[in-house]
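Undergrad: Below is the sequence, then the predicted model.
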Amino acid sequence: MLPPRRHDISRLEGFSDAVFGFALALLAISSHPPSSYAQLMDQMLGAASFACCFALLVWIWYEHNSFFRGYGLHDGYTIFLNGVLLFLVLLYVYPLKFMLDSLFVRWLPARLNPPEPMQLYQLANASIFYALGFIAIFVVFALLYRRAYSKRRELGLSELEAFDARMNIRHHLFSAAVGLTSLMIAAFAPLALAPIAPASFFLMGPGHWYLGVRNGKQRVALLPPDSSLLTPDS
């Protein structure tokens, strides 16, 4: 469950939702409508990369919604960070689609118009560009939660809510660290290891699972006796 909303939906949140919607629209119109059965099948084979792009954008929107639903900050610094986040989302829609298309074409070689396979140096450079955007997005999320934590007294956060803010900072910094790992591999490892750079993002799963288990144990100690089943999003 999401935390209870502390405020009415603001113009800032409405504008942000519109930007996320526009980003999804850009993703959807990146492919022209098919004019033949062969083109239709080709686009269906490309649905896997579209689904991954869609899922990533929805994930970023969910993180954004969770923050503003829980804290509802509208000070100048928060608006600035929100603007940076929205800029990054729009900037990386097409690079994200290209990277995933290039990945899935190795698994779906029957496509009629697959992206041109990248050379190793091109893959390394593209991975650097993608990793920089990934790092920036999650550093912004960490800074947003750091802002909320710094205003915990003004917001009237309980000890448990303040812990959740710190927990979210750690989770987002870990995501940024995974992006940094990919960046370092792409920038400094031998070119033969370039494919490992995008593959390193699979560290997100086990890493966040470990953080969730560790933080969950600490969180239980802060729960009142009759609320032992509450989750961080409750």
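TA: Yep, it's here.
Undergrad: which residues does the residue nearest the centre of the chain contact?
TA: In the chain, the centroid-proximal residue (Cα atoms, centre = their mean) is Ile60; its distance is 4.1 Å. By Cβ atoms under 8 Å, 6 or more residues apart in numbering, the contact list for Ile60 reads 20, 89, 137. C-beta coordinates here come from the backbone N, C-alpha and C atoms, glycine included.
Undergrad: how much space is there between it and Gly133?
TA: When distance is defined by Cβ to Cβ, to the nearest Å, Ile60 is 11 Å away from Gly133.
Undergrad: Equivalent analysis for Val19, please.
TA: 16 Å.
Undergrad: how's the protein carved up into domains?
TA: Using automatic domain parsing, the domain ranges for the chain come out as 10-116, 118-222.
Undergrad: Could you dump the ones you listed into a markdown table with mean pLDDT added?
TA: Formatted as a markdown table, these follow (pLDDT from 0 to 100):
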| stretch | mean pLDDT |
| --- | --- |
| domain 10-116 | 77 |
| domain 118-222 | 91 |
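Undergrad: quick revisit: what strand or helix carries the residue nearest to the centre of the chain?
TA: Using DSSP states H and E, the element containing Ile60 is helix 47-71.
Undergrad: Mind giving me the packing neighbours of the next helix-or-strand element following that helix?
TA: Using DSSP H and E, the helix or strand that follows helix 47-71 in sequence is helix 76-91. With contacts defined as 3 or more Cβ pairs under 8 Å, 6 or more residues apart in numbering; DSSP states H and E, helix 76-91 has these neighbours: helix 11-28, helix 47-71, helix 120-150.
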